[in-house]
Structures are given as structure tokens and as C-alpha cells.
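Sharing a model prediction with you, sequence too.
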Amino acid sequence: AQSVTQLDSHVSVSEGTPVLLRCNYSSSYSPSLFWYVQHPNKGLQLLLKYTSAATLVKGINGFEAEFKKSETSFHLTKPSAHMSDAAEYFCVVSRGTSYGKLTFGQGTILTVHP
Amino acid sequence: EAQVTQNPRYLITVTGKKLTVTCSQNMNHEYMSWYRQDPGLGLRQIYYSMNVEVTDKGDVPEGYKVSRKEKRNFPLILESPSPNQTSLYFCASSLLSSNQPQHFGDGTRLSIL
């Protein structure tokens, strides 16, 4: 079984300040983990992925995430928020050894204030 | 251009009237999947397919059917739609590997009255 919990449904930051979106997961297998972003009225776009290589993963648009097995966490960070980062973000876990079922977190809406 | 195409993008219909949402991808991907997105629940997987003629249930398959007769197409069928199937639906595809990202369509907004 696998599950994902995004710890914040809404996060609000000011432009230029750091972003932290939190994700905890549980999986009976070695997981693959992803972060996706969804802008209004759009499909989902991949930000970054973890697949058992480096634990610190760099993605697009300055985002990165760190896989911490001991804490079963995969938090998404960005040093400096931009207005264009305002969107909904989803943490996703897939079963590492057998690709098929994916489990999405509930989503975190990021608001960026000028 | 690599893409996943869903049709229709919007549909309002009535309870019990069979409908099909089509999904097509031009990337020769083995894996395809359908999700529904509801506020506060994120995306939930309905069905997925790991190759032609191979389909399996996701987390919320009740009330839906799928087929995978060709690699590029993966239609979602609602035989007898009900109001609780009003939702935003996404189709996605990827290469068949656990570390490959999914490519998403732009979504289909269904309203069942």
C-alpha cells in the first residue's frame, strides 16, 4: 500500500521569499516520487522526480526537493518565490518496482503576494 | 509536437446518457491512465493500461469502463453517468518505467445533471 500526505492545503508567501511545500509518503516498496504543478485551467506539468539516485533533486524553474527516507518526506523548496509560481502543487508516489498505480497528494495551493 | 489530446474539453449531459471521453497520445507510450480531480481530493486514478489489451483498476473505477485496442488511444466510457461523476478528468501517458514522468492532457470538465 502507498499513500501521500501534503501537510498544507494552502501556502502564502511574498515574492522573493523562500517556498516550502511539505510532503510525507508511505510505501511498502522503494518508491519513485514526483512533484507536479498545475496552473489554472491547465494539465499537470512535471517539476522534478526522485528515482533512488541522488537524494537532492533539482527541477525546473529553480525548484528542488530532498528525499529523506528516515523521515519519509519529500519536501519541495525554492529559494525565492516569483509571481509566476502561484499554482497548485501535487506530490505523487509510484511503486518503485512495478509501475502502474500512482497515488497523488491532495494538493497545496501556493499564493505569491507582491 | 508531443501531446496528449482529450475530447471533448467540456460536456454537460444528463443522468443515464452514455458518454465517451477520448484520449490520444502521439508519443508511442505504453502506459496510459485516467484520473479524476475533485477539490480537496487531488487526483485519483480511475483506470490505467500498461499496454494494448492490458488494463487495470485504479483507486476509483466504479461506474467507468476503459479499453485499449490501439497503443495511442485510451477512451473512458461512462455507461450510465450519475451526478457524482461530475468532475474534471485527466488522461496521461508515459513510457513504461517507474521513473518516467507522465504527460497530461488539458482535461475534460464533465457535468452530469
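That came through, no problem. Residues are numbered from 1 along each chain as shown, chains lettered A, B, ... in the order given.

So what's the residue count around residue A:89?
24 (other Cβ atoms under 10 Å in any protein chain shown). Placement of C-beta: from N, CA and C, glycine included.

my guess is it is in a strand, correct?
Yes - under DSSP: H, G, I helix; E, B strand; the rest coil, residue A:89 falls within a strand.

Quick check: beta-bridge partners of it?
Bridge pairing for residue A:89 (DSSP bridges) gives the partners residue A:37, residue A:108.

same deal with the one 5 residues further on?
Applying DSSP bridges to residue A:94 yields these beta-bridge partners: residue A:32, residue A:102.

Does it touch residue A:29 like I think?
No - using Cβ atoms under 8 Å, residue A:94 is not in contact with residue A:29, being 9.5 Å away.

who's more crowded, those two?
Neighbour comparison, residue A:94 and residue A:29: the larger count goes to residue A:94, with 26 against 14 (by other Cβ under 10 Å).

Now for the residue nearest to the spatial centre of chain B: which residues touch it?
Closest to where the C-alpha atoms of chain B average out (Cα atoms, centre = their mean) is residue B:34, at 2.9 Å. Residues in contact with residue B:34 (Cβ atoms under 8 Å, 6 or more residues apart in numbering or on different chains) are B:23, B:45-48, B:58, B:64, B:66, B:74, B:76, B:89-92.

Apply 10 Å and report the result again.
With contact taken as Cβ atoms under 10 Å, 6 or more residues apart in numbering or on different chains, residue B:34 is in contact with B:6, B:21, B:23, B:43-49, B:58, B:60-61, B:64, B:66, B:74-76, B:89-92, B:105, B:108.

Which entries in the residues you listed are shared with the contacts of chain A?
B:6, B:43-45, B:48-49, B:58, B:90-92, B:105 (Cβ under 10 Å from any Cβ of the partner chain).

In these, which has the lowest confidence score?
On pLDDT alone, residue B:58 ranks lowest of the ones next to chain A among the contacts of residue B:34, at 88.

any idea which element the closest residue to that residue other than its chain neighbours lies in?
Leaving aside its chain neighbours, residue B:58 sits nearest to residue B:45 (3.0 Å; criterion: Cβ to Cβ, 6 or more residues apart in numbering or on different chains). Using DSSP states H and E, residue B:45 maps to strand B:42-51.
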